[in-house]
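[1] my questions concern the predicted model and sequence given below.
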Amino acid sequence: MKAPLMRTAAILAGLSLGLAAAGAASAQTAQPQPANFPVHGETPQLCIVGNPQLGSGGLVNFLSLNGTTLRIDRLADSRTLATQAASADVTFAAMCNFPHRVVLESQNGGLFRGGSVGQPPPSGFADGVPYTATLTWGPVNASFFVDAAARKDTQLGVAVGLPVAGDLKLHLAIQPGASNLTANAPLIAGVYSDTLFVTLEPQ
Amino acid sequence: MTLSKPLACLALATLLAPVAAHAAPAPATGVVTINANVAPRCEGGTLDGASSTFEMGILIDTSSGLLLNDLSAPPKTLVGAFCNTKSSISIIATPMQAQSFTGAPPVGFTDAIDYTASASGWTPTAATFTTDAASNPAALQTRDAAFTGDITVEVSNFTPVGGVALRPVADPNYLGTVIVTLAAVS
Amino acid sequence: MRKLLVPAAVLTLMAPSLALAQAAPGSVQGTVDVTGVVSSQCQISVSSAVINIPELSDVTGGATAGQLAPGTVNGQRATLAGFCIGAASTMQAQAFPIVSTGVGALPSGFTTRVDYTATATVHPILGDISATGSSLSAAPGTPVTVGAFSSDIDVTLSNASSNGAKLISGPYQGSVDVTLTPAS
C-alpha cells in the first residue's frame, strides 16, 4: 500500500530594498564631524521543508519510507480483512524565519482505493480507512483526524506565532479495525492511499 | 688824526659745527608687524559616489535560511581629507539590527549581525572595529604630522550575533552604522 | 624702534678773507656774509603698528580648503606717520613673508609660508605716492621719490598666496619695513 506524502513548500516573499540613507556628511571645521556610513541588508521571509525522514519512533506495520512514499506492510488482516494497526513517525527538517502557518492537507480525506471511484463497495464492506496525523512543530502540537467519511480534500491549518527552525514531526497512526463503515468491517480489495501535504506559509 | 696803517686783516677761520653735514643723511624706518595664526583643524573629505550606505542586499542563503558567508560590498572613499596638524582617526560600528522585529529572537534564530569595519589610507595601520569584539584597541590610530589624502572605508566578516548556526529572522531592514571621525590633536 | 640720527642743522658762518674796502679815508669796514643751510632729513613719528590676523586658512571647505584664504591678508591695513624735508627724498617698502617657525619636515602639500605684496602710501600736497615690495624678494622694493611731505604712511597688503599648498597649524609672523631716505 502506498501512501505518498507531502510536498516541499518553499516560500520566498519578495520585499523591497531598503532605501539608502542620506549621504554621509563630510567632516569639516575644527569641530570634527563624523562621517556616517549606514550598513543595510534584508532577510526575506523564507520557509523551507525538506524531504521526509523516518523519525525515532520507528515503524509499526510500515515497511519503509521510500523517497516520499510510506508503504504500509499489511493494511488488512488476512483472515478478517479488518484494518490492522500501523504507525510511523516521519520528520521533515524545516524552518520559517517569520510568524507563519502550518497546514496539513489530505488529498483524499482518508486511505481510499485508487480505482473504482464512485462505485460503492458491496454491502458490508468498507472502502476507506481513517487515520490520524499528529503534528509537532515548534510550539504547536495538533492532531489531524482524517476521517475517510468522504473522498475529498480536507485540511487543518494552525498559526505559528514565531519563527521556528528544526524538525517538523508527523506521527501517523491507523487504529486497528478502523474503517469508514463500522469497526472491524472487512476492507474491499484495492490499493489504498492518500497524499498528505505539509505546507509552511505566511499567515 | 689819520690812521695810516691799514687794519689788520682778520682772517677768520671758517667755523664749522662738528657734524657730518657732508655725510649722507640717515634713513628712517618704520615697521608694521603682522601677527597671524592658523588654528588646528581637520576636514573629513568628500564622499566619492552617490550613497554612503553599504548595501549588503539579501543576507541569507535561500536554500537554508542561514547567513551567507560571502557577504561583501564595494568600499567607500572620502576624497581629499586633510588635517593641518597631528591628528587621530577613529572608527566605531554597530551591529546590523533587525529594525521591525521586537522581543527576543526565538531558539535557533538571531536578529542581529556582527561585522568588522575598517578605515584605511590615513595611517599606516588601518583603524578597525569589530562589533562583537571584547575590545577594539585598533579603533583609534594617530598620525604625527599634517596630512592630506583619501580615506577608504570597508565592511567585512559578517557573522550572526550569538553563533554561526543561528538563522536571521525575516526583516526587510537590518541596519547598522559605521562612523569614521578625523580629529586634530592639540 | 630704530634710533634716528638727527643731523643738527648746520649754520655755517662763512667768512672769506676780509676784503679791504675802499673805505672813506679815515674809516674801516668789515663784511660778514651769513648763509644758512638746512640739510635734508626724514623722520618717522609713528614707527610701529600691528596687523592681527586670527585665522589665515580657508575654513569654508571645497577645493581650496586649508590653503591661505587671500581675503584674510588682502586689504589689511596699518598706519605709520612721518615726514621728509628734501626734494629728492625717497621711500621704499620691504615685505617679509608671513611664516610659522619651529615646524619640522613639511608633509607633501603643506607650507608654513604666506607671500604677499606690501604697499606704502604717503600723502604729499601734490598727490599720493606709493612704494611697493613683495615678500617673494629678499631685497626691498624699488624706491620712489616722495619729496618733502608730512603725512600718514598707510601700509596695505595685497596679492597674498600660499602657492596652492595648505597651511600648517600654528602661530605665524611677518613684517613690513618702510624706509624713508632723505636727499636734497
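    That came in fine, so what should we check first?

[2] give the contact list for residue 144.
    Because you didn't say which chain, this covers chain A. A:Phe144 is in contact with A:104, A:106, A:132-135, A:156, counting by CB atoms under 8 Å, 6 or more residues apart in numbering or on different chains. Placement of C-beta: from N, CA and C, glycine included.

[3] chain B, not that one
    B:Asp144 touches B:Lys86, counting by CB under 8 Å, 6+ apart.

[4] how near is it to C:Gly104?
    In this structure, B:Asp144 and C:Gly104 are 10 Å apart, going by CB to CB, to the nearest Å.

[5] ditto for A:His40
    In this view, A:His40 and C:Gly104 are 44 Å apart by CB to CB.

[6] taking the contacts of A:Phe144 together, which two end up most distant?
    The span of the contacts of A:Phe144, defined through CB to CB, is set by A:Ser106 and A:Thr134 at 13.6 Å.

[7] what about these two, which has more around it?
    The neighbour comparison of A:Ser106 against A:Thr134 (other CB atoms under 10 Å in any protein chain shown) goes to A:Ser106, with 24 against 17.

[8] and the closest residue to the more buried one other than its chain neighbours, what are its bridge partners?
    Excluding the flanking residues, the one nearest A:Ser106 by CB to CB, 6 or more residues apart in numbering or on different chains is A:Val146, at 4.5 Å. Legend: beta-bridge partners of A:Val146 under DSSP bridges are A:Tyr131.

[9] report whether the expected contact of A:Val146 with A:Ala133 is present.
    Yes. In this structure A:Val146 lies within contact range of A:Ala133 using CB atoms under 8 Å: 6.7 Å.

[10] name the residues contacting each of these two.
    Common neighbours of A:Val146 and A:Ala133, using CB under 8 Å, 6+ apart, are A:106, A:196.

[11] ok, back up a step: considering the contacts of A:Phe144, which possesses the most neighbours?
    Neighbour max across those (other CB under 10 Å) = A:Ser106, 24 neighbours.

[12] that one bridge partners, please.
    The residues listed as beta-bridge partners of A:Ser106 by DSSP bridges are A:Thr154, A:Leu196.

[13] you'd agree it is up against A:Ala149?
    No. Counting by CB under 8 Å, A:Ser106 does not reach A:Ala149; the two are 11.6 Å apart.

[14] pretty sure B:Met56 is touching A:Val39, no?
    Yes. With contact defined as CB under 8 Å, B:Met56 reaches A:Val39; the gap is 6.6 Å.

[15] those two: which has the busier surroundings?
    Taking other CB under 10 Å, B:Met56 and A:Val39 do not tie; A:Val39 has more neighbours (25 against 22).

[16] contacting residues around the more buried one?
    B:53-54, B:56, B:93, B:96, B:115, B:117, B:155, B:175-178 are the contacts of A:Val39 under CB under 8 Å, 6+ apart.

[17] C:Gly71 in helix, strand or coil?
    State at C:Gly71, reduced to three classes by DSSP: H, G, I helix; E, B strand; the rest coil: helix.

[18] neighbours of it, how many?
    Neighbours of C:Gly71 (other CB under 10 Å): 10.

[19] any idea how far it is from C:Leu56?
    Going from C:Gly71 to C:Leu56 by CB to CB gives 10 Å.

[20] just A:Arg71 next, same as before
    A:Arg71 is 91 Å from C:Leu56, by CB to CB.
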